[in-house]
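Undergrad: fold the stuff below for me.
(2 chains)
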Amino acid sequence: MDFFRQTLVIARKDLRAELRTKEAINASLAFALVILVLFSFAFDPLEEQTREMSGGLLWIVFAFAGTLVLNRSFAREVPNDCLDALVAAPISGAALFMGKALANFLLVISVELVSLPVFGIFYNVHWTSRIWSLLLVLALGTWGLTVIGTIFSALTVNIRLRELMAPLLVYPMLIPVLMSAMQLTMQLIAGKPLGGENEVWLRLMVAFDVIFTALSLVLLETVLVG
Amino acid sequence: MREKLIYGLGTIAAVLLARDLYSIFMQLPDEASQGMIYRIIFFHVPAAITAMLCAGVTLITSVGYLLTKNLKYDAISVAVTEVGLAFLAANLVTGSIWGRIIWGIWWTWDARLTSALVCWLLYAGYLMLRRAIEEPTARARISAVFNIFAFVDVPIVIFSIKWWRTQHPQPVFWGGGSIDPAMYLTAVLNLVALILLAVVLALIRLRQEEVQREIDSLRRYAHAV
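TA: A predicted model of the protein is given here:
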């Protein structure tokens, strides 16, 4: 029970800090919209083929915009010795990780939920045909994105060229979950249901989430403290 | 002692490679449907297996470092990862050449090729991460954790051809595949040769790494006094 209480304390702290300034979330949302606009120049959004593959483009937007939020998650703690305070606090590393991941998840998914209707409008794509499955895929994919982003933010918090290294390491690691999310989103937007041929992607996403959440819970303390 | 090991294993590897090259080019016949290009399998598959073995070894040494805090494990990690990266690159290049001849394309984004490329990117990222951290214990700790994360892609690479329909062929040496016994012998011997080569290269790199650490510690000492 202590674990959940500690997790919620950390999550609430992070959310409160972010929502007071709204720096990261505004930047992330603006970035998402800009990329959506840019992609519409790169591909012709009204052509039938583009609309079919647009589900994949959506996850590139989510990955890039999400990384903006996620990289800040531990980087924000560095000034004023906040990171030392967190490390010294009487909470387990797992609770610290879970709290931060939860807060980041809520922030990233709120950016995504705003981007989704905008995407539907710009690309003239009807994305609500399988909305519950789509929301499930969104949640699972975002959780994978969040877990990797959070642990790598912790990993790169004290190294040189942090702003450069963190994305460089995060994106290859994300490829399995991004690929699964893209495939599933494309199928769901096209109206096909989950299951059957799509099941392997769903299983990959769930396995990815479970494995990396477990690894991160165990290893955060090692990363921060040694 | 290590010198003898390096030269000894190197000689065995050289002899095996010579024997295999003779077998590959002089003795084995052309394959029924592929013609002569199939001979690249004797380097393509052993390079892949060697790279995956290197990844496995670095996982063990990374966990070993985190458990014991002995920097010797960190030195072995970086040496073996570099060698594994080279073999994985060889695997990707030979596969690409083979694909160009047989399928007409240099590359495709199927599960096996994509996951193998991601594996390469991850271990290259490991080496880049190491360069960004100067303090030895922090570097060892951070890169050990990253190595554990990076290894999760390796089972995906290995089993991708079982889990998805891929452009890449189904297994030949395991999982229901079959190969002519004469070719099998050459393939196994080449695998042994490449593994020995990997060990030799890792030992040389390890020696280089140890010398570098000694220089660094002497430099630190010189600055301190």
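Undergrad: which phi and psi does residue B:35 have?
TA: phi 80, psi -140 (degrees, to the nearest 10).
Undergrad: for the residue in chain B positioned nearest to chain A, helix, strand, or coil?
TA: Ranked by C-beta to the nearest C-beta, the top residue of chain B for proximity to chain A is residue B:121, at 4.0 Å. For every residue, glycine as well, the C-beta is placed using N, CA and C. State at residue B:121, reduced to three classes by DSSP: H, G, I helix; E, B strand; the rest coil: helix.
Undergrad: ok, now residue B:109?
TA: Assigned with three-state DSSP, residue B:109 falls in the coil class.
Undergrad: give me phi/psi at it?
TA: Note on residue B:109: its backbone torsions stand at phi -100, psi 50 [degrees, to the nearest 10].
Undergrad: thinking the residue of chain B closest to chain A is in contact with residue A:172, fair?
TA: Yes - assessed by C-beta atoms under 8 Å, residue B:121 is found in contact with residue A:172 at 4.0 Å.
Undergrad: name the helices or strands packed onto the helix or strand containing residue B:194?
TA: Counting by DSSP states H and E, the element that carries residue B:194 is helix B:181-224. Counting contacts by 3 or more C-beta pairs under 8 Å, 6 or more residues apart in numbering or on different chains; DSSP states H and E, helix B:181-224 packs against helix B:2-22, helix B:41-68, helix B:71-102.
Undergrad: the residue of chain B closest to chain A: neighbouring residues, count only.
TA: 18 (other C-beta atoms under 10 Å in any protein chain shown).
Undergrad: residue contacts, it?
TA: Shown in contact with residue B:121 (C-beta atoms under 8 Å, 6 or more residues apart in numbering or on different chains): residue A:172.
Undergrad: distance of it from residue B:146?
TA: Computed with C-beta to C-beta, to the nearest Å, the distance linking residue B:121 and residue B:146 is 13 Å.
Undergrad: tell me how many other residues crowd residue 34.
TA: No chain specified, so I'll use chain A. Residue A:34 has 13 nearby residues by other C-beta under 10 Å.
Undergrad: chain B was what I was after
TA: As a burial measure, residue B:34 scores 14 neighbours (other C-beta under 10 Å).
Undergrad: equivalent analysis for residue B:170, please.
TA: Close neighbours of residue B:170, defined as other C-beta under 10 Å, add up to 11.
Undergrad: how about it, phi and psi?
TA: Main-chain dihedrals, residue B:170, degrees, to the nearest 10: phi -70, psi 160.
Undergrad: does it touch residue B:163 like I think?
TA: No - shown here, residue B:170 and residue B:163 do not form a contact pair, counting by C-beta under 8 Å, at 11.8 Å.
Undergrad: residues of chain A that sit close to chain B?
TA: Counting by C-beta under 8 Å from any C-beta of the partner chain, the residues of chain A close to chain B are A:151, A:155-156, A:158-161, A:165, A:168-169, A:172-173, A:175-176, A:179, A:200, A:204, A:211-212, A:215, A:219, A:222-223, A:226.
Undergrad: between the helices and strands packed on helix B:181-224, which one is nearest to residue A:187?
TA: helix B:71-102 (27.3 Å; C-beta to C-beta).
Undergrad: list the contacts for the residue in chain A positioned nearest to chain B?
TA: Distance from chain B to each residue of chain A (C-beta to the nearest C-beta) is smallest for residue A:172, at 4.0 Å. Contacts for residue A:172 were tallied using C-beta under 8 Å, 6+ apart; they are B:118, B:121, B:122, B:125.
Undergrad: would you double-check that the first one falls in a helix?
TA: Read that as residue B:118. Yes - with three-state DSSP as the criterion, residue B:118 is located in a helix.
Undergrad: and it, how many neighbours?
TA: Residues near residue B:118, counting by other C-beta under 10 Å, number 21.
Undergrad: show me what contacts it?
TA: The contact partners of residue B:118, by C-beta under 8 Å, 6+ apart, come to A:172, A:175, A:176, B:153.
Undergrad: thinking again about what came up before, where does the residue of chain B closest to chain A land on pLDDT?
TA: The model reports residue B:121 with a pLDDT of 95.
Undergrad: the most centrally placed residue in chain B and residue B:31: what is the separation?
TA: In chain B, the residue lying closest to the centroid (C-alpha atoms, centre = their mean) is residue B:51, at 2.0 Å. Residue B:51 is 24 Å from residue B:31, where distance means C-beta to C-beta.
Undergrad: same check on residue A:167?
TA: Remark: distance between residue A:167 and residue B:31 (C-beta to C-beta) = 44 Å.
Undergrad: and the two? which has more neighbours close in?
TA: residue A:167 (17 against 14).
Undergrad: what's the distance between that one and residue A:161?
TA: As judged by C-beta to C-beta, residue A:167 and residue A:161 stand 11 Å apart.
Undergrad: same question for residue B:132.
TA: Counting by C-beta to C-beta, the separation of residue B:132 from residue A:161 is 6 Å.
Undergrad: how about residue B:106?
TA: Per C-beta to C-beta, residue B:106 is found 32 Å from residue A:161.
Undergrad: off-centre distance for the strand or helix carrying residue A:121?
TA: Following DSSP H and E, one finds residue A:121 within helix A:93-122. Chain-centre distance of helix A:93-122: 6 Å, with C-alpha atoms, centre = their mean, to the nearest Å.
Undergrad: who does it touch, helix- and strand-wise?
TA: helix A:2-21, helix A:23-42, helix A:48-75, helix A:131-155, helix A:199-224.
Undergrad: mind showing which ranges of the chain have poor pLDDT?
TA: Went with chain A since none was named. A:45-47, A:50-51 (pLDDT under 70).
Undergrad: repeat that with 80
TA: Residue ranges of chain A with pLDDT under 80: A:43-55, A:195, A:226.
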